[in-house]
Structure formats: C-alpha cells, structure tokens
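Trainee: here is a sequence together with a model predicted from it:
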Amino acid sequence: MTTLYLTHDVCIEHDTGPGHPERPDRLRAIKKIIDTKAFDDLSREDAPMADVADIERAHPGRYIEAIREATPQEGLVRVDGDTVLSPKSWEAALRAVGSGIHAVDQVMTGKADNAFCAIRPCGHHAERETAMGFCVFNNIAIAGLYARAKHGAERVAVVDFDVHHGNGTQAMFWDDKNLYFGSTHQMPLFPGTGAITESGVGNICNAPLRAGDGGEVFREAFESRILPQLSAHRPDFILISAGFDAHERDPLGSLRLVEDDFAWATAKIIEIADKSCKGRVVSMLEGGYDLDGLANSVAAHVQVLMDAGS
C-alpha cells in the first residue's frame, strides 16, 4: 500500500500567458522536487480524462459546453479577468478533474492508502456556472460528489488551507448537511467570502486569518475550529484543497506559514481520517505561486501522506 501521485504533462501545457501567476512553471517546480530520491516510493500514474457526466455532478451541461466552445484553437481567451484558456486547456481541465476521480477510485478500493494530485487548472473558486480565480471546474467538489455517488461515501469532507477562500466549494456544499467544508484563509482577500458567520446548514466552518498571521495563529484556528468540526462530521472520505499560497514567500497573500505548518495540518487531517474513514484521503493542488515555497511545501505535504501510508 502506498501514496498515489497523479499528474499529466498536458497540465503544463495549459498556457495562461506571460506574467500570469498561475503558470506552467508551478508544475515544473513540483516535478523537480518529486523526482528526487526521497520520493522514489511514490506510486505514479498519469491523470486520466474525466467523463463529462462526472463533471455534471457539480456543473450544468451548458456551462461545461461553454468552456469547451470557449477553448481556442490558438492564442489565449479570457473567461474572466483572471482565468485564461489556451488550446490545451480543455484537455488539462478534464485531466485535472479526472485525477481526483481516479484517486478516489484507487483509495476507496484499497489500491492506494491516499493520493496527491499535482494538476492545473486549479478548482476551488469555480462555482456551478462561473469560472473564476484561475479555476475552470471545481475539481475537489466533483471528486467528493463522485465518492458519494460511486462508492457510497455519504459523509464527505473537504478541508481547504489555501490563502484564498474556496467560495466555489462552499457554494456547492452549502445546503447539504452530509458535505462538510472547512477553510482557513486570509481575510480580507479575494474572493471576499469566508466569514465565520457563513455556516451553511451547520456544515460550513470558516476560520479566517488576518494578514501577517503565522503558524501559531493558523494552528490555533485549526485546533479550535476546523479539526473539532471535521471530527464531529464523522466523514467517510476526506479531501484536501491543498493550496500553498499561505506560505510566507507567496506574492498573492500575506500570511506567514512555512513548510512545517502545512505538514502539521496534513498530519492532523490524517489523524482524523484514520479514526473516521480508514485513512482515506485525497489531496488536490490549488494555489501556491512562489516556486520555491510551493515545491518545498508540496514536498512536506506529500512526505506526510507517504509516512501515513507506510
């Protein structure tokens, strides 16, 4: 049994244009560190393409078709002020979704202990009919809904520690008591959601942080809010929206986390997964825009996943 690592070269070919922070070099930086000897024991697979029917659990068909039609044959197309499509973006988006679906299959059937999906475009800002914040399809929400539909994981949880609030995931989970969404994030900051008072039907747990907060405040927020509610949810499956832009080096946020903070949070989530759902965890890449901070944080995160599966 092992940790499954999913990615695909076409996700590097998702071109966002010069100067865009969500750039192909992010995956190149991750690949470089994951290809070192410390990660020799990772089980590696190419991310498969998702079926449109799986995406339709979170997004209506008309939206999916609009994204397909908007994908250019050449050049770049903006679908909002931040979100760019290029000729390979449609396939990359399908493989980003497909990575989560395949990871759920492998973990739920016991072929892997847990999994990490190094993919782009990221997903947690994507709402049902709106691409935004670099996100096209909500990869993590789709994976959670798939785990429920295909594997009977009725009580699904998503924990999101990206510096930006996962507004899309929150909106999709909002009125279903069996879907938990817990998030630490900087406020005020894009997209402007994520207040403590946003609680859905008691299934949404936001723990906003302030600019300048570091690991001590982050860990307190996790231990006082995110983890108790996650444990009380008694999840059948846990997914992690693994954004690393809360790192102190990141240009798009003002939190001061370091690699050890992400490793600590990952270990705490796994502790609950071990008690509640046989350790079933799938993590999917979201943000992280300083290449060194991103690569080192992913390495710390994946190492904890590997240690849990050993």
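Mentor: Great, that's in hand.
Trainee: and the residue nearest to Glu286 when sequence neighbours are not counted, its phi and psi?
Mentor: Leaving aside its sequence neighbours, Glu286 sits nearest to Gly243 (C-beta to C-beta, 6 or more residues apart in numbering; 3.4 Å). Quick note: C-beta positions are derived from backbone N, CA and C, even for glycine. Main-chain dihedrals, Gly243, degrees, to the nearest 10: phi -100, psi 140.
Trainee: Gly243: neighbour count?
Mentor: 29 (other C-beta atoms under 10 Å).
Trainee: mind listing what the residue positioned nearest the centre of the chain touches?
Mentor: Central residue of the chain (C-alpha atoms, centre = their mean): Ser241, 2.7 Å from the mean position. The contact partners of Ser241, taken as C-beta atoms under 8 Å, 6 or more residues apart in numbering, are 123-124, 140, 158-162, 166, 169, 183, 284, 286.
Trainee: which residues does it bridge with?
Mentor: The bridge-partner assignment for Ser241, based on DSSP bridges, gives Asp160, Met284.
Trainee: ok, so what distance separates it from Cys135?
Mentor: 11 Å (C-beta to C-beta, to the nearest Å).
Trainee: could you pull out the residues contacting both of these two?
Mentor: Joint contacts of Ser241 and Cys135 (C-beta under 8 Å, 6+ apart) are Gly123, His124.
Trainee: still on that earlier bit, are any of the contacts of Ser241 buried, and which?
Mentor: Among those, those that count as buried by neighbour count (16 or more other C-beta atoms under 10 Å) are 123-124, 140, 158-162, 166, 169, 183, 284, 286.
Trainee: the longest strand along the chain pairs with which strands, and in what direction?
Mentor: Ordering each strand of the chain by length in residues (DSSP state E) puts strand 179-186 first. Sheet pairing here is set by DSSP bridges, and for strand 179-186 it gives strand 156-160 (parallel), strand 204-209 (parallel).
Trainee: pull that strand out as CSV, backbone CA atoms only.
Mentor: Extracted in CSV, the C-alpha atoms of strand 179-186 (Å, rounded to 0.1, in the frame of the first residue of the first chain):
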residue,chain,number,x,y,z
LEU,A,179,-21.0,17.6,3.0
TYR,A,180,-18.5,19.4,5.2
PHE,A,181,-16.3,22.3,4.1
GLY,A,182,-13.7,23.7,6.5
SER,A,183,-11.4,26.5,5.4
THR,A,184,-8.6,28.6,6.8
HIS,A,185,-7.8,31.6,4.6
GLN,A,186,-6.8,35.3,4.7
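Trainee: name all residues that make contact with Ile204.
Mentor: Contacts of Ile204 (C-beta under 8 Å, 6+ apart): Gln170, Phe173, Trp174, Tyr180, Phe181, Gly182, Glu198.
Trainee: if you set the cut-off to 7 Å instead, what comes out?
Mentor: Gln170, Phe173, Trp174, Phe181, Glu198 (C-beta atoms under 7 Å, 6 or more residues apart in numbering).
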